[in-house]
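Engineer: model this:
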Amino acid sequence: MYERHGQPLLSRRLFVRRVVRSLAAGALIITVSLSVGMLGYHWLENMRWIDAFANAAMILSGMGPLEPLKTDGGKLFAGLYAIYSGLAVILIAGVVFAPVVHRFLHRFHLEPDSRK
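Structural biologist: Purely as a prediction, here's the structure:
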């Protein structure tokens with residue numbers, strides 16, 4: 001997927017395309033994660049869609065729920081969703097920043113000293 005050690009840097013146009021694809025992948029992960037959270041809150045806690053969105057977005061962003069939960073199923077879901085959300089944030093950051101970090105490392109990679 002990325003260029004190897006001996007290969008030249010990707011052109012700026014192709015690099016921008018790679019970054020846009022990474023941003024799109026990150027947005028897709030956020031959308032799927034938010035949808036799962038909304039469905040869980042809507043079905044298990046009988047929240048309106050707007051309230052389910054707000055609670056799922058707050059959990060996914062690490063802020064915590066807005067409303068107290070009423071059902072045991074909702075509480076179990078919220079706990080599991082919070083654990084998943086913490087891991088999803090790490091995954092999203094990795095997907096979004098990978099092209100930039102790779103380009104930086106590839107660009108500034110130091111060749112081994114050939115005099116030894």
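Engineer: all contacts plus neighbour counts: C-alpha atoms, from now on.
Structural biologist: OK.
Engineer: strands of this protein, residue ranges please.
Structural biologist: Counting by DSSP state E, one finds no strands in the chain.
Engineer: mind listing what's buried in the longest helix belonging to the chain?
Structural biologist: Among the segments of the chain that qualify as a helix by DSSP state H, the longest is helix 72-107. Under the neighbour-count criterion of 16 or more other C-alpha atoms under 10 Å, helix 72-107 has 74-75, 77-78, 81-82, 85, 88-89, 92, 95-96, 98-99, 103, 106 buried.
Engineer: cool, stretch 56-73 as well?
Structural biologist: Per 16+ other C-alpha under 10 Å, stretch 56-73 contains these buried residues: A56, A57, M58, I59, L60, P65, L69.
Engineer: how about the fifth one, what does it touch?
Structural biologist: Shown here is L60, whose contacts under the criterion C-alpha atoms under 8 Å, 6 or more residues apart in numbering are S33, L34, A82, S85, G86, V89.
Engineer: if you set the cut-off to 6 Å instead, what comes out?
Structural biologist: S85 (C-alpha atoms under 6 Å, 6 or more residues apart in numbering).
Engineer: give me the pLDDT value at the closest residue to V100 other than its chain neighbours.
Structural biologist: The shortest distance from V100 to any non-neighbouring residue, by C-alpha to C-alpha, 6 or more residues apart in numbering, is to V19 (7.5 Å). Per-residue confidence (pLDDT) for V19: 96.
Engineer: same deal with P112?
Structural biologist: Listed pLDDT for P112 reads 54.
Engineer: and if you look at R4?
Structural biologist: Reported pLDDT for R4: 74.
Engineer: return the item of the buried residues of stretch 56-73 having minimum pLDDT.
Structural biologist: Ranked by pLDDT, the buried residues of stretch 56-73 bottom out at P65 (88).
Engineer: quick check: closest non-adjacent residue to the residue nearest the centre of the chain.
Structural biologist: The structure's the chain has its C-alpha centroid closest to I92; by C-alpha atoms, centre = their mean the separation is 1.9 Å. Spatial nearest neighbour of I92, excluding adjacent residues (C-alpha to C-alpha, 6+ apart): G26 at 5.2 Å.
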